[in-house]
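Peer 1: quick one: sequence and predicted model below, then my questions.
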Amino acid sequence: MDAQFHVLAVDDSLIDRKLIERLLKTSSYHVTTVDSGSKALEFLGWQEDEPLNHQEVEVNLVITDYCMPGMTGYDLLKKMKESSFLRNIPVVIMSSENVPSRINRCLEEGAEEFFLKPVRLSDVSKLKPHMMKAKEKDIEKPEIEENQENIKDEKEEEEEKTTEIELKTTQSNSSKRKSMEEGLSPERTRPRYNNGLTVNVMSS
């Protein structure tokens, strides 16, 4: 089933949290619920005073209420999209108010969907494609890095081979030159041929 997908549901209303939790579990998702945006960020491993954050628990999607005290769903969305390690997690916003400007603002900021409350099972069925797409990106990234590493290794290997060939060529040319120099005797001791007789001509 889809039990491998973990959804973090954020809502300050206990009733709404229970409702979304039941809908998500009906769709066989693993669900964690929190009652505020700050708790959601804490669960995700985000800390404002530590720029090098890391996601301690794998979360495949965050679904959050828009109107919450303290940090709104829009604020949570912005924080996640500004974070290098959270920006790829799909975010869905829920609201009981149908305000077009609010909906557009959330979608422009990077929200995948905007659901009107009460959320229905048909809404929850729209979540899976977003999680699948995000999961594919996570799989593709290591493969791209691995391919780049392989290309780098092949390039280094090619450069090593080229250097080796150049070194051998230089050594070979050097050996030939040395052999030629050693094979040439001084002019004064070179034998001369006269009427088929070898005569050593000595310099005076």
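Peer 2: The structure has been received and is ready for your questions.
Peer 1: what is the subsequent helix or strand relative to the stretch of helix or strand residue 25 belongs to?
Peer 2: Element membership for residue 25, per DSSP states H and E: helix 14-26. Counting by DSSP H and E, the next helix or strand C-terminal to helix 14-26 is strand 30-34.
Peer 1: how far does that following strand sit from the chain's center?
Peer 2: The chain centre lies 26 Å from the centre of strand 30-34; the measure is C-alpha atoms, centre = their mean, to the nearest Å.
Peer 1: other SSEs contacting that strand?
Peer 2: With contacts defined as 3 or more C-beta pairs under 8 Å, 6 or more residues apart in numbering; DSSP states H and E, the packing partners of strand 30-34 are strand 6-10, helix 14-26, helix 37-44. (C-beta placed from N, C-alpha, C; glycine too.)
Peer 1: wait, which of these is closest to residue 168?
Peer 2: Between residue 168 and those, the shortest gap by C-beta to C-beta is with helix 37-44, which sits at 57.2 Å.
Peer 1: neighbouring contacts of the closest one?
Peer 2: If you take C-beta atoms under 8 Å, 6 or more residues apart in numbering as the criterion, helix 37-44 is touched by 8, 10, 32, 34, 55-57, 59, 62, 64, 68, 70-73, 75-76, 79-80, 86, 89.
Peer 1: what's the answer for stretch 15-29, then?
Peer 2: 1-3, 5-7, 9, 11, 31, 33, 35, 63, 65, 94, 117-121, 123-125, 127-128.
Peer 1: filter those residues to the buried ones?
Peer 2: Neighbour counting with 16 or more other C-beta atoms under 10 Å marks 5-7, 9, 11, 31, 33, 35, 63, 65, 94, 117, 119, 123-124, 127 as buried within the contacts of stretch 15-29.
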